[in-house]
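A.B. asks: Here is my input, please return the structure:
(chains A and B)
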Amino acid sequence: MGVMNSFKEEVEKAVSEALSKMGTDIRFDVEIPSADAADLAVPCFILAKTMKRSPADIAKELSVLIEKKGRIADVSALNGYLNFTMDRNAMMSGTISEIMEKKEDYGCLPKKNKKINVEHTSTNPTGPIHVGRARNPIIGDTLARCLSRCGYDVTTEYYVNDVGKQVVILTWGINNIPKEDVEKADREKADHAMVAFYRLANKMMESQPEVSDEISSMLRRFENGDADVISDVRRTTEMMLAGLKQTLDGIGVSLNVYTWESRYIENGDAKRVVEKLKTSKYAGNDDGAWSLDLEEFGVHGNNKKFTFTRNDGTTLYTTRDIAYHLDKLSRYDRVVDVLGEDQKLGSKQLTCALEILSSEKMPEPMFYSFVSLPEGKMSTRKGVVVYLDDLIDEAVEYAYNEIKQRRTDLSEERMREIARTVGVGAIRYNIVRIQPEKQFVFKWSEALNFDGNSGPFLQYSHARACSILRKAGEFKRTSDVSKLTDEYEVRLVKVLSKFENITEQAGEGRKIHLVPAYGHEVASAFNQFYAAVPVLNSGEARDARLTLVECTMTVLKSILGCLGIGAPEEM
RNA sequence: GGACCCGUAGGGUAGAGGAUCAUCCUAUCGGCCUUCGAAGCCGAUGACCCGGGUUCGAAUCCCGGCGGGUCCGCCA
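C.D. replies: Sure thing, here's the model as predicted:
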């Protein structure tokens, strides 16, 4: 347990003992105060009502009853709060020795022996990933990393939609359109090369009835289980997916499991779901098409009708999604779906269906709002689009130029390597710093921001710490903090001590945007310390300060790791 | 028409009942490189969409507007 958490327990114990002396066992909160007045605080407002006394009074009496002992260095009452200050020496040496001991595992929670699955990205394999969709892999991958630090065994999973009209159109285009007819793609990558066929096939389908007929017949054969068509579609989907994987790899995202939608048709799971749902009391039939009435589940209006078969008995995407989720839920203790906000209703309906099928576990959805461009909504068709591949190239190029301006001592190869790390860091940070539910307007100036609240800011601070340590050579690591008396040193250590709390909130509380914010806080506190206090030429304090620099470097490295961002030792 | 989400300085963003400073970044203005990396540090300016209500106390909760996003297929 972290130093701060064990101090919290100590405070809780002291307060409840004092309260029982006052003749009550009322519940209370212990919080980290927003004001800088204390390390922990107990707001006495909620106690006031039942105790029928003023908050200030209660705080005052408690502050007298509680002894200053152990790590409690000070208790005081102010404005209805009971404030606690932790013994500075205990806080600082506790934090530093814990970081030295655990290294990059510092800030992690104990192993839970629980398997959790994070499904993310799952974008339709019909074209390249654009910035509008990039939020999904970045949020999903970051959440997975946070959960892993929270002690879960994490698996990431991509659900590949290789069933349905879209992929059939793509396949028809690849098989029937001559290469010469298609606009040449800007890139050699499979996804960029193939999407041109998809676009043209869509156009031809609209204007040429015979094409439309061909595609319809292909779709029918697909749904009747025609092995040739299915394997054809599977092949094109795999080619496309290979391109998408390359892009994801470019931003440091790789998934553990790829599950193909067609599997649930092949193995009969989807059919079994249909049969079971038909027997439920919520099921009804219109002209052969089956649906559920979800009125009782709080779904109203047009939304309450949830259709799960066509009138020819074939399954729908949503039906297969139920089968998929039953499968996933059987494989893991917990299941998280990272979804665009357009999936909210679908997700609700899925939950209802699972309840009807008396599933014990439910998927936990995490929604994000869409990214648009200053010109408006992103649309591949209208050409209002920024591809993730282009964003990566731009960011890496921009980073390269920044490095070239500053460094003359690095090899071309090394500069390219660092540029990649810095450019990708800027992209990931820029996206994950914003609460997922907020709308996001993509701006180049923000995506390529390397100052202040940015990925490169954290990387820079990390590189700076590494540089100091390089110059220092050997030194004696110590948790003796008696030499660390400067206010910037105290503040820096205090910031470092919060890591475990942040990890928990980010993972369990699904607030991953706290991680970049915390990273900025650490880097900022370090830079202030750096500006105010000499390290290498600091006489007796040298070892203690170098130890602090090393601890900060370790924490920054962990935070960057949690964000899926590289931690360069120079840049 | 119905449902859900979001409105915080010029731009972005944190805070999700509480402490006479509402966080941080950016932009703007002014300082700091012959000490360890200036992608940095210090200072200044500037904000809770509107109207009601609940409360000792509201940026935060409730109701009603206004503005933006999303959904309401026998599509995926």
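
A.B. asks: quick one: pLDDT of A:Thr50?
C.D. replies: At A:Thr50, the model reports a pLDDT of 76.

A.B. asks: before we move on, what about A:Thr318?
C.D. replies: 94.

A.B. asks: buried sites along whichever strand or helix holds it?
C.D. replies: Counting by DSSP states H and E, the element that carries A:Thr318 is helix A:317-331. For helix A:317-331, the neighbour count (16 or more other CB atoms under 10 Å) marks A:Thr319, A:Arg320, A:Asp321, A:Ile322, A:Ala323, A:Tyr324, A:His325, A:Leu326, A:Lys328, A:Leu329 as buried. C-beta coordinates here come from the backbone N, C-alpha and C atoms, glycine included.

A.B. asks: Between the residues you listed, which sits nearest A:Lys382?
C.D. replies: A:Asp321 (29.0 Å; CB to CB).

A.B. asks: where does the residue in the stretch 351-500 of chain A that RNA strand B sits nearest to land in three-state SS?
C.D. replies: RNA strand B sits closest to A:Gly452 of the stretch 351-500 of chain A, with a gap of 1.8 Å, by CB to the nearest atom of the strand. What DSSP: H, G, I helix; E, B strand; the rest coil gives for A:Gly452 is coil.

A.B. asks: A:Leu536 contacts A:Val549, doesn't it?
C.D. replies: No. A:Leu536 is not in contact with A:Val549 according to CB atoms under 8 Å; the separation is 9.6 Å.

A.B. asks: report the angle between the axes of the strand or helix carrying A:Val154 and helix A:317-331?
C.D. replies: Applying DSSP H and E as the criterion places A:Val154 in strand A:153-160. Here the directions of strand A:153-160 and helix A:317-331 differ by 160 degrees (axes from the mean of the first three to the mean of the last three CA atoms, to 10 degrees).

A.B. asks: Next, count neighbours for A:Asp232.
C.D. replies: Counted with other CB atoms under 10 Å, the neighbours of A:Asp232 add up to 20.

A.B. asks: any chance you could map the strands in chain A?
C.D. replies: Using DSSP state E, the strands of chain A run over A:40-43, A:72-78, A:81-86, A:115-119, A:153-160, A:257-260, A:283-286, A:289-293, A:305-307, A:334-340, A:364-368, A:371-372, A:440-441.

A.B. asks: Look at the residue of the stretch 351-500 of chain A closest to RNA strand B and report its pLDDT.
C.D. replies: pLDDT, A:Gly452: 95.

A.B. asks: before we move on, back to that, any residue of the strand holding A:Val154 touching RNA strand B?
C.D. replies: No. If you take CB under 7 Å from any atom of the strand as the test, strand A:153-160 misses RNA strand B, and the best it gets is 9.7 Å.

A.B. asks: contacting residues around the nearest residue to A:Ala18 once chain neighbours are set aside?
C.D. replies: Computed as CB to CB, 6 or more residues apart in numbering, the closest residue to A:Ala18 that is not its neighbour in sequence is A:Leu65, at 4.1 Å. Contacts for A:Leu65 (CB atoms under 8 Å, 6 or more residues apart in numbering) come out as A:Ala18, A:Lys21, A:Met22.

A.B. asks: By neighbours, which of the residues you listed wins?
C.D. replies: With neighbours set by other CB under 10 Å, the maximum within the contacts of A:Leu65 is found at A:Ala18, which has 18 neighbours.

A.B. asks: how far away is it from RNA strand B?
C.D. replies: From A:Ala18 across to RNA strand B, the span is 17 Å (CB to the nearest atom of the strand, to the nearest Å).

A.B. asks: unless I'm mixing things up, that residue is touching A:Leu62, no?
C.D. replies: Yes. Contact criterion CB under 8 Å: A:Ala18 and A:Leu62 qualify, at 5.1 Å.

A.B. asks: Name the residues contacting each of these two.
C.D. replies: By CB under 8 Å, 6+ apart, A:Ala18 and A:Leu62 have no common neighbours.

A.B. asks: State the pLDDT value of the residue nearest to A:Ala56 when sequence neighbours are not counted.
C.D. replies: Distances taken as CB to CB, 6+ apart place A:Gly80 nearest to A:Ala56, at 5.2 Å, with adjacent residues excluded. Looking at A:Gly80, its pLDDT reads 87.

A.B. asks: Contact partners for A:Gly80?
C.D. replies: Each residue near A:Gly80 by CB under 8 Å, 6+ apart is listed here: A:Pro43, A:Cys44, A:Phe45, A:Ala48, A:Ser54, A:Pro55, A:Ala56, A:Ile58, A:Ala59.

A.B. asks: and the closest residue to the fifth one other than its chain neighbours, how many neighbours?
C.D. replies: On the basis of CB to CB, 6+ apart, the spatially nearest residue to A:Ser54 that is not a chain neighbour turns out to be A:Ala48, at 6.2 Å. Close neighbours of A:Ala48, defined as other CB under 10 Å, add up to 17.

A.B. asks: residues touching A:Ala48, list them.
C.D. replies: Contacts for A:Ala48 (CB under 8 Å, 6+ apart) come out as A:Ser54, A:Pro55, A:Ile58, A:Gly80.

A.B. asks: what's the answer for A:Asp389, then?
C.D. replies: By CB under 8 Å, 6+ apart, the contact list for A:Asp389 reads A:Pro128, A:Ile129, A:Arg187, A:Lys189, A:His192, A:Thr247, A:Gly250.

A.B. asks: Closest to A:Val441 out of those residues?
C.D. replies: If you rank these by distance to A:Val441 using CB to CB, A:Ile129 comes first, at 18.4 Å.

A.B. asks: The closest one: neighbour count?
C.D. replies: Counted with other CB under 10 Å, A:Ile129 comes out at 22.

A.B. asks: Next: A:Asp29.
C.D. replies: The local packing of A:Asp29 (other CB under 10 Å) involves 11 other residues.

A.B. asks: do the one 5 residues further on as well
C.D. replies: The local packing count at A:Ser34 equals 7, with neighbours defined by other CB under 10 Å.

A.B. asks: Need phi/psi at it.
C.D. replies: Dihedral pair for A:Ser34: phi -80, psi -30, per degrees, to the nearest 10.

A.B. asks: Which ones among the contacts of A:Gly80 lie within helices?
C.D. replies: Judged by DSSP state H, helices contain the following of the contacts of A:Gly80: A:Phe45, A:Ala48, A:Pro55, A:Ala56, A:Ile58, A:Ala59.

A.B. asks: quick one: which of the residues you listed is nearest A:Glu266?
C.D. replies: Nearest to A:Glu266 among these: A:Phe45, at 60.3 Å, using CB to CB.

A.B. asks: so who does A:Ser482 touch?
C.D. replies: Contact partners of A:Ser482, counting by CB under 8 Å, 6+ apart, are A:Asn89, A:Ala544.

A.B. asks: out of the contacts of A:Leu65, which are inside helices?
C.D. replies: Judged by DSSP H, the contacts of A:Leu65 include A:Ala18, A:Lys21 as members of helices.
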